[in-house]
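what shape does this take:
(one chain, ligands or ions: 1)
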Amino acid sequence: MPMNLIHRKFCSSEKWASMVAGVLPGWLAKHDLGDDVLEIGPGFGATTKVLLDVVPKLTVLEIDPASTELLRAKFGGHADVHEGSGAEMPFGENRFSAVVCFTMLHHVPTAELQDAIFAEAARVLRPGGRFCGTDSQLSFGFRLLHIGDTMNVVDADGLPARLEKAGFEHVKVKARPKQLVDFEAVKPGQR
Ligand SMILES: C[S@@+](CC[C@H](N)C(=O)[O-])C[C@H]1O[C@@H](n2cnc3c(N)ncnc32)[C@H](O)[C@@H]1O
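Here you go, the predicted model:
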């Protein structure tokens, strides 16, 4: 389901872009993403813009056709932009040094599809590659923003077991209730 109008306005706003530009560099500095990174669910590209400043090679995968067109127009010469689902990725196995996603998992309508994304991330990562990101937790404002929109928030307590089932190890999950869940998991093997 595409995002509702208020949500689309917020995610494409200067306010959201400058908030992301303020916090994401600090988060990225704590994660070793390597040389070939895939972002799932870039939306309007606020996170993509920041990633482009710090990763040598960036590929993005967006399910919404209109957003994909927009991303191609904005970042086409700098990022490899693909339309498609993170639950069925159009990439070969063992390719990426890291797979990241920000504020997108709650837009995936079922736990089964989220689990398929975790399994696909494990497949396309190189051994030793990182799957990491952040997502929102439930709060009153968050519920309001998602009226008429998909809102399948990830349960932080259950996330480690789901990531391990998808094939990851060294799973770390940190959650701030009503704010963010932050996760990192490693595909077994040497980098
Ligand atoms: C709220 S936006 C987040 C955009 C961006 N990461 C940010 O933080 O500004 C979530 C995006 O995930 C996309 N999305 C949802 N399900 C997806 C899937 N299965 N595969 C790829 N993208 C997906 C949506 O179309 C939407 O553009």
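
top helix in the protein by residue count?
Ranked by residue count under DSSP state H, the longest helix found in the chain is helix 14-29.

excluding its backbone neighbours, what's nearest I147?
N4 (6.7 Å; C-beta to C-beta, 6 or more residues apart in numbering). To be clear about C-beta, it is placed using only N, CA and C from the backbone, and glycine gets the same treatment.

how many neighbours does V20 have?
20 (other C-beta atoms under 10 Å).

what does G77 give?
Count around G77 with other C-beta under 10 Å applied: 6.

pretty sure it is in a helix, no?
No. Counting by DSSP: H, G, I helix; E, B strand; the rest coil, one finds G77 to be coil, located in no helix.

got the residues of the chain near the ligand?
The chain comes close to the ligand at residues 11, 20, 40-43, 46-47, 61-64, 67, 85-87, 102-104, 107-108, as judged by C-beta under 6 Å from any ligand atom.

which members of those are classed as buried?
Buried positions within the residues of the chain next to the ligand, assessed by neighbour count (16 or more other C-beta atoms under 10 Å), are 11, 20, 40-43, 46-47, 61-64, 67, 85-87, 102-104, 107-108.

out of these, which are inside helices?
11, 20, 46-47, 67.

so G43 touches L70, yeah?
No. Counting by C-beta atoms under 8 Å, G43 does not reach L70; the two are 9.1 Å apart.

picking up where we left off before, now the longest helix of the chain: buried residues?
Neighbour-count burial for helix 14-29 [16+ other C-beta under 10 Å]: 16-17, 20, 24, 27-28.

residues contacting F102?
Residues in contact with F102 (C-beta atoms under 8 Å, 6 or more residues apart in numbering) are 20, 24, 39, 41, 47, 133-135.

and with 6 Å instead?
Going by C-beta atoms under 6 Å, 6 or more residues apart in numbering, F102 touches 47, 133-134.

partners of the strand ranked longest in the chain, with directions?
For the chain, the strand with the greatest residue count under DSSP state E is strand 125-136. Paired strands of strand 125-136, with direction, are strand 96-102 (parallel), strand 180-186 (antiparallel) (DSSP bridges).

what's the mean pLDDT across the helix or strand following that strand?
Using DSSP states H and E, the helix or strand that follows strand 125-136 in sequence is helix 140-145. Averaging pLDDT along helix 140-145 yields 78.

try stretch 149-166
On average, stretch 149-166 scores 94.

same thing with stretch 184-191?
94.

what about that stretch, start to end distance?
End-to-end span of stretch 184-191 (C-alpha to C-alpha, to the nearest Å): 16 Å.
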